[in-house]
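Peer 1: Build the 3D model from these lines:
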Amino acid sequence: MRAIGASVWISLAALLLFRAEAGAIELDVRADRTEIDLEGRITLTLTIRGAQGDVEIDLGSTDGFRPYSSGTSQNISIVNGRMDASLTHTYLLFPSEKGEFTIGPFRAMHGREEATAPAIRVRVTEAAGPAPSPRPEPPAERKRGEQRDVFIRTFLDKKEAYIGEAITLTFRLYTRIRFAGDPQYEPPSTEGFWKEDLPPQQRSYTEIDGRRYLVTEVKTALFPTRAGRLAVGPAGLTYEEDAFFSSDPFELLRGGLGRRRPVRETLRTDSLAVQVKPLPENGRPPGFGGAVGSFVFQASLDKNEVRANEPVTLSLTVEGEGNIQAATLPETRVPDSFKVYDSGSSTDVSKEGYRVRGRKTYTRVLVPRYGGDYELPPVFFSFFDPERGTYVTRTAGPFPIRVEGPLPEEKREQREIARREEDIRYLKEPGDLRWRSSDEAPPLRALAAGNLLPLLLLGALYAARKRREKYARDPAWARARRADRAAREFLTDARRKLPGGDPRELAASLSRGLIGFLSDKGNIPATGMTRRELDRELAGRAVPAETRERLSRFLEACDRARFSETPLSGEERARLVQEAEDLLRLLGRRMSEGGR
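Peer 2: As a prediction, this is how the structure comes out:
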């Protein structure tokens, strides 16, 4: 019954880890409003359900608007064995002229799948209310902007920063004229930086040497990825002046009665430089994963009392200001008797107030196999705070768990040995030994056997006891000893399913068996690992890169066979089983030679 229960739980866990409900993606588009004035904006939210990873978005027609990306968020949840994934893209649309416009139709593409959503009608009216009051201008910009109707500037809020620290790049357009069309903005090159747009644009008025300018400001967050002197290239702007709205009232007369051909002009800013400092080695925590900023870390269990083979969910959350996309959540250590499975993750990014903030949540499902009182050790999250110039470590835990159910096999064997030692006692006081003489001498073989058999039996009992004690002292050694036998059993089962079995079930059995072999042979929690983590773990155990690459291709082939609509042919199934056998032999030899 225990074997059947364990098989059921392993199958359920495999479903949680690998299987998502098949089906086409869905696209839902919502706009927060359909009527605005020229000073307003529209928040456009596109939600793609049933997709994970990269999704290509096509907004369709955006005539009359300037679109800016406001961030993305991903959410993955698993309920009753069903995985639901959704990806949300947020855009801000700023009107450039009044009138009635059509936004869309919208389209999302994920691999070969495509989803569409209908267009949205929007009405843009004239801006209401007085123009914003002028704001003072820095003297340096006032001097450089002399006698120009249009000019542009870029500047950084920091000239020196650490790797991963947020730097704000500001682009400003100053104009006294109307444009014939939307100016073409060429963003600066930012090699060596991770870049995040910071919408929305800001518009205001300023006076420079008595001349009134409309100022359009665009901000971008830059996160340097390497140390040294990095350059932000020049930004460019190409525009055409509208002759009917020229700042010179006699301009039309010079061009005759007809409208003159607009002149196309391109402007460029100066390059900017920033000195990037490496993160200090002094005081760097062992588990530091590269997060830079100011964060809060939380971890929690959904319950502290559970029965054996029932799941417990551990949630890890990092929230704060900084490049949350680059934050790596810490690994969790659990007892060997727990199975660990990835349940999902979600990342939400906010750019409110022109600051990059975010929240990253990662959940893991823990399945205790045996009863007892356990304690998950504390979880540590470290980050570098550039404002203080020091590393900060946040701690959550420890987490006690009480599991109701049978004890582990090793502990049961220890208790059984102790009970038998109590039971092996003489039943009564021995009496006086009295020898009875006999004229018939016993045979020599019988005499030897009578003396040697008890010694051999005691030796066998002693060896068995030592073996059980070693199993109890060293669970990793015990798992490694059982790994080869388990591998032979699952290969035998795979060959039995080869002729007429379900190819999907065969691929799942091969993938599950090979990962279980690695977990037992090398004492690796491979079942709860991603492919990249498993490859890194095997590389640390001196497994050659060629073998690791071969293993990765095999697992990918198993996944394709499990989820493909076209079943494998008999030849392909036989080749998959042979590849599993070869990998078991290669990995087993490497582990036995010193990979552990």
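
Peer 1: residues near residue 326, how many?
Peer 2: By the criterion of other C-beta atoms under 10 Å, residue 326 has 16 neighbours. In short, each C-beta sits where N, CA and C put it, glycine included.

Peer 1: wait, what's in contact with it?
Peer 2: If a contact means C-beta atoms under 8 Å, 6 or more residues apart in numbering, then residue 326 has 164, 194, 223, 290, 291, 292 as its contacts.

Peer 1: Residue 224 now?
Peer 2: When contacts are taken as C-beta under 8 Å, 6+ apart, residue 224 is in contact with 161, 162, 163, 164, 165, 167, 192, 193, 194, 230, 274, 276.

Peer 1: Repeat the analysis, applying 7 Å as the threshold.
Peer 2: Applying C-beta atoms under 7 Å, 6 or more residues apart in numbering, one finds that residue 224 lies in contact with 161, 163, 192, 193, 230, 276.

Peer 1: Show me what it bridges to in the sheet.
Peer 2: With DSSP bridges as the criterion, the beta-bridge partners of residue 224 are residue 193.

Peer 1: swap in residue 342?
Peer 2: Per DSSP bridges, residues listed as beta-bridge partners of residue 342: residue 364.

Peer 1: Compare the contacts of residue 326 and tell me which is most surrounded.
Peer 2: Of all the contacts of residue 326, the most densely surrounded is residue 291 (25 neighbours; neighbours counted as other C-beta under 10 Å).

Peer 1: sorry, back to before: please identify which of the contacts of residue 326 is nearest to residue 355.
Peer 2: Nearest to residue 355 among these: residue 223, at 12.6 Å, using C-beta to C-beta.

Peer 1: quick one: pLDDT of that closest one?
Peer 2: The score at residue 223 is 92. That number is its pLDDT.

Peer 1: For it, give its distance to residue 65.
Peer 2: When C-beta to C-beta, to the nearest Å is applied, the distance between residue 223 and residue 65 equals 28 Å.

Peer 1: can you give me the strands for the stretch 251-400 of the chain?
Peer 2: Assigned by DSSP state E, counting those that start in this stretch, the stretch 251-400 of the chain shows strands spanning 264-268, 272-277, 293-301, 305-307, 312-322, 338-350, 357-368, 372-376, 379-385, 390-396, 399-404.

Peer 1: Any stretches of the stretch 251-400 of the chain with poor pLDDT?
Peer 2: Judged by pLDDT under 70, the stretch 251-400 of the chain has its weakly predicted residues at 251-262, 343.

Peer 1: residues contacting residue 548?
Peer 2: Each residue near residue 548 by C-beta under 7 Å, 6+ apart is listed here: 535, 538, 539.

Peer 1: Could you pull out the buried residues of stretch 165-177?
Peer 2: Residues of stretch 165-177 classed as buried by neighbour count (16 or more other C-beta atoms under 10 Å): 165, 166, 167, 168, 169, 170, 171, 172, 173, 174, 175, 177.

Peer 1: try stretch 45-64
Peer 2: Along stretch 45-64, these residues count as buried under the neighbour rule (16+ other C-beta under 10 Å): 46-52, 55, 57, 59-60, 62, 64.

Peer 1: Could you point out which of the residues you listed is nearest to residue 464?
Peer 2: For the buried residues of stretch 45-64, the nearest to residue 464 is residue 52 (51.3 Å; C-beta to C-beta).

Peer 1: neighbours of residue 116, just the number please.
Peer 2: A count of nearby residues for residue 116, using other C-beta under 10 Å, gives 14.

Peer 1: re earlier: can you lay out the contacts of residue 224 as TSV showing distance to residue 591?
Peer 2: As requested, these are arranged in TSV below (distance: C-beta to C-beta, whole Å):
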residue	distance to residue 591
161	45
163	38
192	41
193	43
230	45
276	43
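
Peer 1: Tell me which residue lies nearest the centroid of the protein.
Peer 2: When C-alpha atoms, centre = their mean is applied to the chain, the residue found nearest the centroid is residue 345 (6.3 Å).

Peer 1: Find the nearest non-adjacent residue to that residue, please.
Peer 2: The shortest distance from residue 345 to any residue that is not its chain neighbour, by C-beta to C-beta, 6 or more residues apart in numbering, is 4.6 Å, and that residue is residue 362.

Peer 1: I'd assumed residue 329 was in contact with that neighbour.
Peer 2: Yes: under the criterion of C-beta atoms under 7 Å, residue 362 is in contact with residue 329, at a separation of 4.6 Å.

Peer 1: Overlap of the contact sets of the two?
Peer 2: residue 316.

Peer 1: dump the residue contacts of residue 298.
Peer 2: Taking C-beta under 7 Å, 6+ apart as the definition, contacts of residue 298 comprise 317, 396.

Peer 1: could you redo the contacts of residue 224 as JSON lines and give each row neighbour count?
Peer 2: As requested, these are arranged in JSON lines below (neighbours: other C-beta atoms under 10 Å):
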{"residue": "161", "neighbour count": "21"}
{"residue": "163", "neighbour count": "18"}
{"residue": "192", "neighbour count": "17"}
{"residue": "193", "neighbour count": "20"}
{"residue": "230", "neighbour count": "20"}
{"residue": "276", "neighbour count": "20"}
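
Peer 1: Okay, residue 51 and residue 113: tell me how far apart.
Peer 2: Summarising the geometry, the distance separating residue 51 from residue 113, computed by C-beta to C-beta, is 8 Å.

Peer 1: which neighbours do these two share?
Peer 2: residue 25.

Peer 1: coming back round to it: which of the contacts of residue 548 are buried?
Peer 2: Burial of the contacts of residue 548 was assessed by neighbour count (16+ other C-beta under 10 Å); the buried members are 535, 538.

Peer 1: So which of the contacts of residue 548 are in helices?
Peer 2: Mapping the contacts of residue 548 onto helices (DSSP state H) picks out 535, 538, 539.

Peer 1: Residue 175 is in contact with residue 214, isn't it?
Peer 2: Yes: Residue 175 sits in contact with residue 214 when judged by C-beta under 7 Å, with a separation of 5.4 Å.

Peer 1: Report the mean confidence score over the helix or strand that contains residue 461.
Peer 2: Here residue 461 is covered by helix 444-473, with elements defined by DSSP states H and E. The predicted model assigns helix 444-473 a mean pLDDT of 71.

Peer 1: again with stretch 85-99
Peer 2: If you average the pLDDT over stretch 85-99, you get 83.

Peer 1: same deal with stretch 548-559?
Peer 2: For stretch 548-559, mean pLDDT rounds to 83.

Peer 1: before we move on, back to that, need the max-distance pair from the buried residues of stretch 165-177.
Peer 2: With C-beta to C-beta as the measure, no two of the buried residues of stretch 165-177 lie farther apart than 165 and 177, at 38.5 Å.

Peer 1: Put together JSON lines for the contacts of residue 326, with distance to residue 323 on each row.
Peer 2: As requested, the contacts of residue 326 are exported to JSON lines (distance: C-beta to C-beta, whole Å):
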{"residue": "164", "distance to residue 323": "6"}
{"residue": "194", "distance to residue 323": "6"}
{"residue": "223", "distance to residue 323": "5"}
{"residue": "290", "distance to residue 323": "9"}
{"residue": "291", "distance to residue 323": "8"}
{"residue": "292", "distance to residue 323": "7"}
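
Peer 1: Sort out which one of those lies nearest residue 578 for me.
Peer 2: Using C-beta to C-beta, the contacts of residue 326 come closest to residue 578 at residue 290, 41.5 Å.

Peer 1: what's near enough to touch that closest one?
Peer 2: 164, 326, 328.

Peer 1: Try it again at 10 Å.
Peer 2: Residues touching residue 290, when contacts are defined by C-beta atoms under 10 Å, 6 or more residues apart in numbering, comprise 163, 164, 225, 279, 323, 326, 327, 328, 382, 383, 384.
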